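Chemist: quick one, what's the 3D model for this:
(one chain, ligands or ions: 1)
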Amino acid sequence: MCHADVHAKSKHRLLGRSMWLWIAVWCAVWAPVTHAAELVVRLSHVVAPDTPKGLMAARFQQLVAQASGGRIRVEVYPDSQLYGDDDEMEALQLGAVEILAPSLSKFGVAGAPEFEVFDLPFLFDTLAQVRCVTQGRIGQQLLQGLNRQQMVGLGFLDNGFKQMSAQRPLLQAADFKGLRLRIQASRVLAAQMRALGAYPVVLPFGETRRALAEGVVDGAENPLSNFLTQGLAPVQRAVTLTDHGYLGYAVVANPRFWASLDDGDRTLLQRALNQALWEGNARAAVLNAQALATLKQTPGVRVHSLSASQRRGLRQAVQPVHADFARRVGTPLLRDVKNLCLGGVQG
Ligand code: LMR
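Modeler: Residues are numbered from 1 along each chain as shown. Got it, this is the predicted structure:
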């Protein structure tokens, strides 16, 4: 009954998001999702099914079904169908969904500013450097720290490096001047756009396409898999391959749900997730490379590359962001990232 209510949500948007959130919370409190024979795990996310995150979620669903013989059912809600950027964290903390995989940039506003270390522009040059952080001791500490925010951190997933898009190529800081650029709700990303001379505009992912189409914002930053699957090509004439920042995810669970599982089910879910994340990380770079190849063939949008000196110029323009935000993300954390994963590089 409660699940039927939640399913009906997308059909009855008139009721408003907050009303549905409270219905879902009521269900979570009065009708627990665990039953003797069956366990339902709701996983909500904001991107399309054919993205790194969407495919990882589908694989997790499949692995759990196989390992439990169908007894544990993962229900995946893509494309902000159930919750969007503005309410998914609250929904998780209240128990209205069991699992989320928000981008790392979204944990700062949820009370974990150390996650904004991943937003520092031009901090990482390669995915191997990012993996050193996410798959090692630093990543484990970051996940454990999420307990303070009433979340259980279960693992990391790559999307990839972000590229800039607008109606014109963005090759040097002067090209950004005066543009209104959509960002996720991260203070580091806001500072990055200001350092480039643009106006940052925080918008939920699910509203970005419409805002671009209506000219509410002029451009955005996205990994190409997101750019393509959100249908942004028809509303942006130029993509510039800046690779200026990383976008990845942390998979998190509601702590009461996680604690309510018996040891066998918890191990089954964590193992299936580890496998789905491992496969997802292997596939993410491939999906972004495929998206680039597709975009190059897409009429109406042009892909621009930066020369080495243009890249140096953009890097230099955003350097003040590193100094300004070292305290917010945590100086010891930044030092560890640089010493352990960037070969001691300073910024
Ligand atoms: C964004 O809001 O741009 C991304 O976090 C979307 C996503 O989850 O990949």
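Chemist: if I look at residue 78, how far off is residue 92?
Modeler: The span separating residue 78 from residue 92 equals 16 Å under the rule Cβ to Cβ, to the nearest Å. C-beta here means a position set from N, CA and C on the backbone, and glycine is covered the same way.
Chemist: the two: which is more packed in?
Modeler: For the pair residue 78 and residue 92, the greater number of neighbours falls to residue 92 (27 against 19), based on other Cβ atoms under 10 Å.
Chemist: whatever residue of the stretch 151-300 of the chain ends up closest to the ligand - nearest residue in space that isn't next to it in sequence?
Modeler: Of all residues in the stretch 151-300 of the chain, residue 205 sits closest to the ligand, with a separation of 3.4 Å (Cβ to the nearest ligand atom). Excluding its sequence neighbours, the residue lying closest to residue 205 (Cβ to Cβ, 6 or more residues apart in numbering) is residue 46, at 4.7 Å.
Chemist: how about residue 210?
Modeler: If you skip the residues right next to it in sequence, residue 210 has residue 216 as its closest partner in space, 7.8 Å away by Cβ to Cβ, 6+ apart.
Chemist: quick revisit: torsion angles phi and psi at the residue nearest to residue 205?
Modeler: For residue 46, the backbone dihedrals are phi -110, psi 0 (criterion: degrees, to the nearest 10).
Chemist: heads up, I number from 54, so please use that
Modeler: Done: numbering now begins at 54, and the last item shifts to residue 99.
Chemist: how many residues are close by it?
Modeler: If we define neighbours as other Cβ under 10 Å, then residue 99 has 27 of them.
Chemist: just checking, it touches residue 259?
Modeler: Yes. Between residue 99 and residue 259 a contact is recorded at 5.8 Å, counting by Cβ atoms under 8 Å.
Chemist: give me the common contacts of the two.
Modeler: Counting by Cβ atoms under 8 Å, 6 or more residues apart in numbering, the contacts common to residue 99 and residue 259 are 132, 133, 137, 138.
Chemist: and the residue in the stretch 104-253 of the chain positioned nearest to the ligand, how far from residue 243?
Modeler: Using Cβ to the nearest ligand atom, the single residue of the stretch 104-253 of the chain nearest to the ligand is residue 156, 3.2 Å away. Computed with Cβ to Cβ, the distance linking residue 156 and residue 243 is 15 Å.
Chemist: hang on, the earlier thing: using the three-state scheme, assign the residue nearest to residue 263.
Modeler: Three-state assignment for residue 269 (DSSP: H, G, I helix; E, B strand; the rest coil): coil.
Chemist: that older thread, ok, now which ones touch the residue of the stretch 104-253 of the chain closest to the ligand?
Modeler: Taking Cβ under 8 Å, 6+ apart as the contact definition, residue 156 lies against 212, 237, 300, 301, 302.
Chemist: what is it paired to in the beta sheet?
Modeler: Beta-bridge pairing for residue 156 (DSSP bridges): residue 302.
Chemist: residues contacting the helix or strand hosting residue 254, please?
Modeler: Assessed by DSSP states H and E, residue 254 sits inside strand 252-255. Judged by Cβ under 8 Å, 6+ apart, the contacts made with strand 252-255 from elsewhere in the structure are 231-238, 242-243, 245-247, 264, 269-270.
Chemist: what does residue 208 show for phi and psi?
Modeler: The phi/psi pair for residue 208 (degrees, to the nearest 10) reads phi 160, psi 170.
Chemist: that one and residue 348: what is the separation?
Modeler: Following Cβ to Cβ, the distance that separates residue 208 from residue 348 is 29 Å.
Chemist: and these two? Which one has more around it.
Modeler: For residue 208 and residue 348, the more surrounded residue by other Cβ under 10 Å is residue 208, and the numbers stand at 22 against 19.
Chemist: which residues touch stretch 340-348?
Modeler: With Cβ under 8 Å, 6+ apart as the contact definition, stretch 340-348 has outside contacts at 104-105, 108, 212-214, 276-278, 280-282, 286, 292, 294, 354, 356.
Chemist: quick one on the thing from earlier: how about the contacts of residue 156 in JSON lines, adding neighbour count and distance to residue 180?
Modeler: Rendered in JSON lines, the data for the contacts of residue 156 read as follows (neighbours: other Cβ atoms under 10 Å; distance: Cβ to Cβ, whole Å):
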{"residue": "212", "neighbour count": "25", "distance to residue 180": "10"}
{"residue": "237", "neighbour count": "25", "distance to residue 180": "20"}
{"residue": "300", "neighbour count": "22", "distance to residue 180": "11"}
{"residue": "301", "neighbour count": "25", "distance to residue 180": "9"}
{"residue": "302", "neighbour count": "26", "distance to residue 180": "14"}
